[in-house]
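K.L.:
Okay, here's the prediction I keep looking at, along with the sequence it came from:
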Amino acid sequence: MIAAYPLKDFYEESLLAITTERHESHSLIRVDGECALASAADLKSALMEGLGAGKTLHLDLERVEQIDITILQLIWAAGREAQHSGTTLVTRGSEAAVVAAREVGFERLAGDSPLG
């Protein structure tokens, strides 16, 4: 028997806090908590808004406790978008983010030096 679950029950509630700051020379997005599918839409909105400002965008993932491949792909896509639009995405990752990125084959977080 196949069980059917409502999407609301299937996907976990977002356990992510996103704060944004705008400075004269750059924008900052600070992420705190668990980055998973449930939080992808919120993070995407923040990234698109930050990139739309046309300034260097700093993405601070130092307080991220857990990150999944969906979020890593979203960050990678934001880095590509920054390159195409002539802006820069600079990321700082927690140990959990760096380990997760390395485990799924990313050589770097967007804008970072190689993960080594």
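P.N.:
Sure, I can see it.

K.L.:
so where's the longest strand in the chain?
P.N.:
For the chain, the strand with the greatest residue count under DSSP state E is strand 56-67.

K.L.:
C-alpha coordinates for that one, CSV please?
P.N.:
What follows is strand 56-67, C-alpha atoms only, in CSV (Å, rounded to 0.1, in the frame of the first residue of the first chain):
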residue,chain,number,x,y,z
THR,A,56,28.8,42.8,-3.9
LEU,A,57,26.7,40.3,-2.0
HIS,A,58,28.2,38.7,1.1
LEU,A,59,26.5,35.4,2.2
ASP,A,60,27.3,34.5,5.7
LEU,A,61,26.7,30.8,6.4
GLU,A,62,28.9,30.6,9.5
ARG,A,63,25.9,29.8,11.8
VAL,A,64,24.5,27.1,9.5
GLU,A,65,24.1,23.8,11.4
GLN,A,66,23.0,21.7,8.5
ILE,A,67,22.7,22.3,4.7
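
K.L.:
wait, residue 47 sits on residue 59?
P.N.:
Yes. Judged on Cβ atoms under 8 Å, residue 47 makes contact with residue 59 at a distance of 7.5 Å. The way it works is simple: take the backbone N, C-alpha and C, and place the C-beta from them, glycine included.

K.L.:
Show me what residue 59 bridges to in the sheet.
P.N.:
Beta bridges link residue 59 to residue 29, residue 91, judged by DSSP bridges.

K.L.:
what about it, how many residues close to it?
P.N.:
Counted with other Cβ atoms under 10 Å, residues neighbouring residue 59 total 25.
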